[in-house]
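Trainee: no sequence on this one, just coordinates:
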């Protein structure tokens, strides 16, 4: 199994509070991704990173920011959480960006915004 | 991006082969066909991928139609641990995997 951990695994927070989710990898892969998964939508890409300090937006980036100061860590921040951000969040990594690469996923973080 | 069409659900008896179909009639020449699965309460798990030729690995086989407009994921002997949602995805780049809603596979003991 790829060495990907996510923390926290579960979090309940109130509307308007900031929240940071952490993804940590031990594979030294260059690319890291944040997805959210909601019923009826499959997984949707929020942001991704193609190197330290290099990030870009995905399909559903509004309300989220990311940072990557080290190869192994990719942080997802909700500056002011809203109920619509209640979801399960998955981190993923790939060695390279080409389509001939498989993604490895973390175990997920279940976030509830009340 | 090219889209895929999968049945919402399928059932299989344990220890029998399972053929999970995927249609992708608008596939481009450089799209790879990826399959992932997601077991309950877990993150997605890579299964297999291919471009033109059929592919085999320890988990499954991928059969790709000659015109590449469809593909089939084959689990040779379904086990209860194979019960999951299976996603068929087309991708030009690893940062461009669009997951749909997949096929929910139920394995009957």
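Mentor: Looks like it came in fine. Worth saying up front: this structure is predicted, and the values here are computed from it rather than measured. Residues are numbered from 1 along each chain as shown, chains lettered A, B, ... in the order given.

Trainee: nearest spatial neighbour of the closest residue to chain A within chain B, skipping sequence neighbours?
Mentor: Residue of chain B nearest chain A, by C-beta to the nearest C-beta: residue B:43 (3.4 Å). C-beta: built from backbone N, CA, C; applies to glycine. Among residues not flanking residue B:43 along the chain, residue A:105 sits closest, at 3.4 Å (C-beta to C-beta, 6 or more residues apart in numbering or on different chains).

Trainee: Buried by neighbour count: which residues of the strand or helix carrying residue A:37 qualify?
Mentor: Element membership for residue A:37 (DSSP states H and E) is strand A:31-38. Within strand A:31-38, the residues that count as buried by 16 or more other C-beta atoms under 10 Å in any protein chain shown are A:31, A:32, A:33, A:34, A:35, A:36, A:37.

Trainee: ditto for stretch B:55-65
Mentor: Residues of stretch B:55-65 classed as buried by neighbour count (16+ other C-beta under 10 Å): B:55, B:60, B:61, B:62, B:63, B:64.

Trainee: can it be found next to chain A?
Mentor: No. Judged by C-beta under 8 Å from any C-beta of the partner chain, stretch B:55-65 stays clear of chain A, getting no closer than 10.5 Å.

Trainee: Name whatever forms a beta bridge with the residue nearest to residue B:43.
Mentor: On the basis of DSSP bridges, residue A:105 takes part in beta bridges with residue A:92.

Trainee: That one contacts residue A:94, doesn't it?
Mentor: No. When contacts are counted by C-beta atoms under 8 Å, residue A:105 is not listed as touching residue A:94 (10.5 Å).

Trainee: which residues of chain B fall in strands?
Mentor: With DSSP state E as the criterion, chain B has strands at B:9-13, B:18-23, B:32-38, B:45-50, B:55-56, B:61-64, B:70-75, B:84-91, B:103-108.
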